[in-house]
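Enquirer: Only the shape, not the letters, is given here:
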């Protein structure tokens with residue numbers, strides 16, 4: 001998909017610190033268009049690309065969603081990957097905040113630049129949410145100047161933002177700096193329904209139960225495994241939409257929902273909390289913060305006949321309140337799915 005805006009758009013390159021950018025790049029070097037056709041929607045454009053792909057002449061396509069009249073579906077015969085395509089994008093938009101302007105794809109946080117611009121990208125099977133809309137009035141246009149001159153002129157004019165076209169050396173001094181990331185480029189063979197965050201797919205099925213209040217899903221195992229094997233089993237259940245891991249629990253409400261899923265029989269269930277790396281320093285396997293605990297009275301005690309108890313279980317005999325236990329014991333387990341955020345991936 002390829003949305004066109006009234007103002008210059010920007011792309012963050014997937015190198016360096018992906019979540020911290022102070023330069024927004026976008027000058028993508030699109031190849032020559034093989035053919036351009038009108039399409040009513042992106043699905044039709046994708047189908048057109050499929051037809052041309054049979055003869056090897058569609059490797060990538062763009063769809064201009066706001067251009068509903070005219071040739072808004074462009075077919076490209078370009079054998080490349082989305083990361084390679086991104087690497088060729090070199091147009092930059094940067095904020096005008098004294099020294100907080102750098103022409104690169106790294107971010108240096110200083111007292112003059114306390115935060116960095118982040119414009120989400122995601123590469124899912126060739127689908128790339130890549131560009132940002134810059135909204136606001138253009139204060140001044142300076143054609144044919146260097147980037148350094150553009151930076152200087154926009155500072156003198158007290159612009160809020162610079163838009164600089166590197167190939168044409170055109171400089172736009174912008175009055176505002178609002179950025180909205182909405183542009184996509186799609187590689188042939190990509191399932192946009194998987195990659196488009198607007199097309200959500202429920203995590204619930206015959207093996208997963210969704211909590212409607214949070215949109216999170218939980219799987220209760222029917223077989224026993226050691227804690228590490230249970231962790232691996234949960235990770236293997238990730239898919240194109242959701243990451244799966246041993247369950248992390250962050251509130252009494254979430255704990256109550258999980259308890260209602262557990263069978264009323266004498267079974268123990270692994271969760272993701274553990275202090276394997278450092279005794280007494282508990283972490284969740286999914287990397288989330290430990291903001292809630294539900295220990296049984298006297299736990300954790302790391303007491304099992306001299307064996308280390310580094311992994312957390314929820315035993316029926318404790319009304320599923322938490323207990324530390326030896327990680328090599330085989331138990332049932334609880335997995336949890338969280339939605340993949342392609343906007344920030």
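Expert: Arrived safely. What you see is a predicted model, and the numbers here were worked out from it, not measured in a lab.
Enquirer: what sits against residue 152?
Expert: Residue 152 makes contact with no residue, according to C-beta atoms under 8 Å, 6 or more residues apart in numbering. C-betas here are computed from N, CA, C, even on glycine.
Enquirer: how about it, secondary structure?
Expert: With DSSP: H, G, I helix; E, B strand; the rest coil as the basis, residue 152 sits in helix.
Enquirer: Distance check, it against residue 145.
Expert: 9 Å (C-beta to C-beta, to the nearest Å).
Enquirer: ok, the residue nearest to residue 64 when sequence neighbours are not counted - how many residues close by?
Expert: When the adjacent residues along the chain are set aside, residue 64 lies closest to residue 72, with 4.2 Å between them (C-beta to C-beta, 6 or more residues apart in numbering). Neighbourhood size, residue 72 [other C-beta atoms under 10 Å]: 22.
Enquirer: Report the contact partners of residue 72.
Expert: 36, 38, 39, 45, 63, 64, 65.
Enquirer: Now intersect those with the helices, please.
Expert: Judged by DSSP state H, the contacts of residue 72 include residue 45 as members of helices.
Enquirer: Of the contacts of residue 72, which one scores lowest on pLDDT?
Expert: Lowest model confidence among those falls on residue 65, which carries 65.
Enquirer: what comes up buried for the host helix or strand of residue 336?
Expert: Secondary structure from DSSP states H and E places residue 336 in strand 332-339. The neighbour-count criterion (16 or more other C-beta atoms under 10 Å) identifies 332, 333, 334, 335, 336, 337, 338 as the buried residues of strand 332-339.
Enquirer: got it, and stretch 211-219?
Expert: Neighbour count says stretch 211-219 has 211, 216, 217, 218, 219 buried, by 16+ other C-beta under 10 Å.
Enquirer: remind me which residues of the stretch 1-150 of the chain are low pLDDT?
Expert: Across the stretch 1-150 of the chain, the stretches falling below the confidence threshold (pLDDT under 70) are 1-29, 65-69, 81-136.
Enquirer: Next: the stretch 201-345 of the chain.
Expert: Across the stretch 201-345 of the chain (using pLDDT under 70), the flagged ranges come out as 201, 240, 340-345.
Enquirer: which residues in it form helices?
Expert: Along the stretch 201-345 of the chain, the segments classed as helices by DSSP state H, counting those that start in this stretch run 227-235, 252-261.
Enquirer: This protein - how does it break down into domains?
Expert: Taking automatic domain parsing as the domain assignment, the ranges for the chain are 9-195, 209-339.
Enquirer: circling back to that earlier point, could I get the buried residues of strand 332-339 in CSV, plus columns for distance to residue 313?
Expert: Formatted as CSV, the buried residues of strand 332-339 follow (distance: C-beta to C-beta, whole Å):
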residue, distance to residue 313
332, 9
333, 9
334, 10
335, 14
336, 16
337, 21
338, 22
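Enquirer: Pick the one among the residues you listed closest to residue 32.
Expert: Here the nearest of the buried residues of strand 332-339 to residue 32, counting by C-beta to C-beta, is residue 338; it sits at 41.7 Å.
Enquirer: doesn't residue 284 make contact with the closest one?
Expert: No - under the contact definition of C-beta atoms under 8 Å, residue 338 does not touch residue 284, with a separation of 11.4 Å.
Enquirer: on that earlier part again, kindly present the helices of the stretch 201-345 of the chain as CSV, with separate columns for mean neighbour count and distance to residue 300.
Expert: Rendered in CSV, the data for these read as follows (neighbours: other C-beta atoms under 10 Å; distance: least, C-beta to C-beta, whole Å):
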stretch, mean neighbour count, distance to residue 300
helix 227-235, 19, 14
helix 252-261, 15, 16
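Enquirer: right, and those - which one's nearest residue 158?
Expert: Comparison of the helices of the stretch 201-345 of the chain against residue 158 by C-beta to C-beta identifies helix 252-261 as nearest, at 49.2 Å.
Enquirer: by contact count, what packs against that closest one?
Expert: strand 209-211, strand 216-220 (3 or more C-beta pairs under 8 Å, 6 or more residues apart in numbering; DSSP states H and E).
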